[in-house]
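>>> Need the 3D shape of this:
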Amino acid sequence: MKAIYLVKNGKPKDAFEFRDIEITGPAADEVGVIVEASGINFADVVARLGDYRDCPPLPTVVGYEAVGRVEKVGKDITSVQKGDRVLVFTRFGGYSQYVIQKENAIAKIGEEMDAGKALALATQYSTAYYSCAVATNIMPNDNVLIHAGAGGVGTALIQLCKLKKAKVYATAGSDAKLEYCRRQGADVVINYVKEDFSKVIKEPIDVAFDSLGADTFRKTYKMLNKGGRIVGYGASSMTDAKNIFMKAKMGAAFGIYHPAQLLMECRSIIGINMLRVADYRPDILKYCMEQVIQLLHEGKINPHVGKMYKAEEIYQAHEDLENRKTIGKIGIIW
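Got it, this is the predicted structure:
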């Protein structure tokens, strides 16, 4: 069996290398899974570029999720058994034909569930669910702003916020992506390349979800209603910074916020990092995974799979994602 190792930072062709892996037995509280498909996330791109602080030392295997079939279970495992088809939150290590993970990061899925849709649930939909139903709670008739609405988490947020009967504004960078956001349920779509979203939207925002960062974050904060919340779960614009000076400038663009200011304005800033949730509250991670799996089974959400690449096309998949040519979830099939 093989895994795709990140061996150096830089362009995909230079960064990744296929290597044989040795299969080891799982510990008492772990499960071994033969992988059929692995998910690809923007965080993987950031890790490849050398800008992801949490990435393990190179060479390493990145990747946050996998779908596969249980091959081995530790002696303390009770929730799954050999042969079960499962979704795994891998917390790195997902680009592999075999993964080992603890029981609280694994959830059973149906035999009929599409692998690409399932992959979207572990990171994108669990992040979105945590963001809009755990870290904060969307209320009916809330005005919600979702940046990068055509991305994996953006797609999930649109669908989940519409389930909660909110009014959804979504931004995207092309007409095709705007139409995609409309199909997901967005009420108002804005092309952030051609328009200033802060001028297009005429009413205060109750909850904003921002994965872009930099000056987008500052503009969004100023639009918040009293009692408004801004939820940050990424800073993809930082990948456009080519040197330390540009990164410092973009970092400063977020602005400075004092607790007294937040109190007086009755506004909140919430930071989401699902790795920290996985590390310190794995029970909540599993809860989020199980909730979105149930919502998919009930037909209440519908993850969009942009493309499932062959494993050997990992280089192209990364290029497409980095250059924002993808819509929805992407992954690789082994």
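>>> which residues of the chain score low on pLDDT?
Filtered on pLDDT under 70, the chain yields the residue ranges 213-215, 234-255.
>>> In contact with the residue nearest to the spatial centre of it, which residues?
In the chain, the centroid-proximal residue (Cα atoms, centre = their mean) is Gln124; its distance is 3.5 Å. By Cβ atoms under 8 Å, 6 or more residues apart in numbering, Gln124 lies in contact with Asn41, Gly151, Gly152, Val153, Thr155, Ala156, Pro303, Lys329. The C-beta positions use only the backbone N, C-alpha and C, and glycine is treated the same way.
>>> Among those, which lie within helices?
Gly152, Val153, Thr155, Ala156 (DSSP state H).
>>> ranking these by neighbours, who comes first?
Highest neighbour count within the ones in helices among the contacts of Gln124: Thr155, with 32 neighbours (other Cβ atoms under 10 Å).
>>> OK, contacts around that one?
Shown in contact with Thr155 (Cβ under 8 Å, 6+ apart): Ala120, Gln124, Gly149, Gln184, Pro303, His304, Gly328, Lys329.
>>> circling back: in JSON lines: the contacts of Gln124, plus distance to Gln294.
Output for the contacts of Gln124, formatted as JSON lines (distance: Cβ to Cβ, whole Å):
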{"residue": "Asn41", "distance to Gln294": "22"}
{"residue": "Gly151", "distance to Gln294": "23"}
{"residue": "Gly152", "distance to Gln294": "19"}
{"residue": "Val153", "distance to Gln294": "19"}
{"residue": "Thr155", "distance to Gln294": "18"}
{"residue": "Ala156", "distance to Gln294": "14"}
{"residue": "Pro303", "distance to Gln294": "14"}
{"residue": "Lys329", "distance to Gln294": "19"}
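>>> what's the domain layout of the chain?
Domain segmentation of the chain under automatic domain parsing yields 2-123+279-333, 136-271.
>>> Report the distance from stretch 190-203 to the chain centre.
24 Å (Cα atoms, centre = their mean, to the nearest Å).
>>> how about it: buried residues?
Ile190, Tyr192, Phe197, Ile201 (16 or more other Cβ atoms under 10 Å).
>>> same check, this time on stretch 23-36
Quick answer for stretch 23-36 (16+ other Cβ under 10 Å): Pro26, Glu30, Val31, Gly32, Val33, Ile34, Val35.
>>> strands paired with the helix or strand encompassing the fifth one, and their directions?
Counting by DSSP states H and E, the element that carries Val33 is strand 30-40. The pairing partners recorded for strand 30-40 under DSSP bridges are strand 65-73 (antiparallel), strand 98-102 (antiparallel), strand 329-333 (antiparallel).
>>> can I get the CA coordinates of it in PDB?
Only the C-alpha atoms of strand 30-40 are listed here, as PDB (Å, rounded to 0.1, in the frame of the first residue of the first chain):
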ATOM      1  CA  GLU A  30      -7.800   2.500  17.600                       C
ATOM      2  CA  VAL A  31      -9.300   1.400  14.300                       C
ATOM      3  CA  GLY A  32      -7.400   0.500  11.100                       C
ATOM      4  CA  VAL A  33      -9.200   1.400   7.800                       C
ATOM      5  CA  ILE A  34      -8.500   0.500   4.200                       C
ATOM      6  CA  VAL A  35      -9.100   3.700   2.300                       C
ATOM      7  CA  GLU A  36     -11.200   4.100  -0.800                       C
ATOM      8  CA  ALA A  37     -11.100   7.900  -1.100                       C
ATOM      9  CA  SER A  38      -9.200  10.800   0.600                       C
ATOM     10  CA  GLY A  39     -10.300  14.400   0.900                       C
ATOM     11  CA  ILE A  40      -8.400  17.500  -0.200                       C
END
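>>> right, and the helix or strand after that strand?
Next along from strand 30-40, by DSSP H and E: helix 42-48.
>>> helices or strands up against that next one?
helix 314-322 (3 or more Cβ pairs under 8 Å, 6 or more residues apart in numbering; DSSP states H and E).
>>> roughly how far apart are Val45 and Val189?
Distance, Val45 to Val189, using Cβ to Cβ, to the nearest Å: 25 Å.
>>> Just give the number of residues close to Val188.
Val188: 16 surrounding residues under other Cβ under 10 Å.
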